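Peer 1: sequence plus predicted model, see below.
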Amino acid sequence: MKLASYKDGSRDGQLLVVSRDLRSAHYATGAAHTLQQALDDWNFIAPQLQDLYVALNQGRARHAFAFEPARCMAPLPRAFQWVAVDPAPLAQAQATTGLSRLRQGSGDAFLGPCDDMPWHDPALAAECAAGLAVVCGDLPARANPEQALDAIRLLLLVNDWCGRESSAGKAARGAGTAPAWPGTAFSPVAVTLDELGSAWQRGRLQLPLQLTRNGQSLGTCEPDSSALHFGQWLSLLCRQRPLAAGTVLGCTVLPSPVLEEGDQLRVEISSPDGQSLFGAIAQTLALPA
């Protein structure tokens, strides 16, 4: 099934079930008001959401309406924990441990798929990196990769923004580049693994990720079979402590060059039949007024 959260003035939004073709939606209030509520009691609530999803796809949902991605928050608007796997060139990745690439971020700096990225400090060079993220259920400490794979509830697109100090700034301080991560955007919908079919293979999505700037392609990234999969990353993350339902782990694989004010970024993955799988992250880099 596919799930989204509409903006309603609250911190956590209103949970929706969205049709497979992303054209229609239905409020999920009969089962859960928010996605976190559903994650907290997944075994009981998920079957109710699945029933609504089936009815929606069959045209039997009585109060369905047109789905509008522009009204979406991140599917999980705030998380108990957000961890990013920082991208690294192959040589660097081989020379470092997995733990050294896990970066703890702010679980309340999530952006909706169509929200502008406000850039408050023009002295920082703006970059972003696109990839995938998983939302997991409760996971005990020292869970192995297979247990971690079983705990994955949802998959979604991620666009992680990074600000890097300019060459002039770091030269003045006599120091290296100091990055900052001001925000992270997610796709309009989060998708359960059964929707992915054979494209989901042991913690990897076997579909190309597309990143464009102002309509021009910045590249397409195929899955890397040599990289750690999501089950292995989650197992590393819970090495010393359990993970709570609603933990989000993102792995970015497709970085952008330095961006300028007004640049429009789009992140998307299409299914083999050409349909958008998660909807698109479509953001503009903007200086606050």
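Peer 2: Yes, it's here.

Peer 1: Gly219 touches Thr212, doesn't it?
Peer 2: No: taking C-beta atoms under 8 Å as the contact criterion, Gly219 and Thr212 are not neighbours in contact, 9.1 Å apart. In short, each C-beta sits where N, CA and C put it, glycine included.

Peer 1: quick one: which of these two has more around it?
Peer 2: Neighbours of Gly219 and Thr212, each counted by other C-beta atoms under 10 Å, are more numerous for Thr212; the result is 19 against 14.

Peer 1: how close does that one get to Ala25?
Peer 2: The gap separating Thr212 from Ala25 is 26 Å, by C-beta to C-beta, to the nearest Å.

Peer 1: quick check: buried residues in stretch 235-244?
Peer 2: Buried residues in stretch 235-244, defined by neighbour count with 16 or more other C-beta atoms under 10 Å: Ser235, Leu236, Leu237, Cys238, Leu243, Ala244.

Peer 1: kindly state the beta-bridge partners for Cys251.
Peer 2: The bridge-partner assignment for Cys251, based on DSSP bridges, gives Val85, Leu132.

Peer 1: swap in Arg103?
Peer 2: The residues that Arg103 bridges to, once DSSP bridges is applied, are Ala84.

Peer 1: what's the answer for Ser217, then?
Peer 2: Ser217 forms beta bridges with Thr212, as assigned by DSSP bridges.

Peer 1: next one: Asp40 from Ala126, what distance?
Peer 2: Noted for Asp40: a distance of 36 Å to Ala126, by C-beta to C-beta.

Peer 1: swap that for Thr192, please
Peer 2: As defined by C-beta to C-beta, Thr192 lies at a distance of 33 Å from Ala126.

Peer 1: neighbour-wise, which of those two wins?
Peer 2: Each of Thr192 and Ala126 had its neighbours counted (other C-beta under 10 Å), and the higher figure belongs to Ala126 (21 against 17).

Peer 1: so where do the strands sit in the stretch 1-150 of the chain?
Peer 2: When assigned using DSSP state E, counting those that start in this stretch, the strands of the stretch 1-150 of the chain occupy the ranges 2-6, 14-18, 24-27, 65-66, 82-85, 102-105, 110-111, 117-118, 124-136.

Peer 1: out of these, nearest to Leu287?
Peer 2: In this view, those are compared for proximity to Leu287 by C-beta to C-beta, and strand 117-118 is the closest at 7.4 Å.

Peer 1: which other helices and strands contact that closest one?
Peer 2: Packing contacts for strand 117-118, counted by 3 or more C-beta pairs under 8 Å, 6 or more residues apart in numbering; DSSP states H and E, involve strand 179-186, strand 281-286.

Peer 1: where does this structure dip in pLDDT?
Peer 2: Residue ranges of the chain with pLDDT under 70: 87-100, 106, 166-179, 226.

Peer 1: one step back: which one of the buried residues of stretch 235-244 sits closest to Asp12?
Peer 2: Set against Asp12, the nearest of those by C-beta to C-beta is Ala244 (15.4 Å).

Peer 1: quick one, what contacts the closest residue to that closest one other than its chain neighbours?
Peer 2: Take Ala244 and drop its neighbours on the chain: the residue closest to it by C-beta to C-beta, 6 or more residues apart in numbering is Phe80, 4.8 Å away. By C-beta atoms under 8 Å, 6 or more residues apart in numbering, the contact set of Phe80 is Gly107, Ala244, Gly246, Thr247.

Peer 1: which of the residues you listed sits closest to Arg153?
Peer 2: Within the contacts of Phe80, the smallest distance to Arg153 is 8.9 Å, found for Gly246 (C-beta to C-beta).
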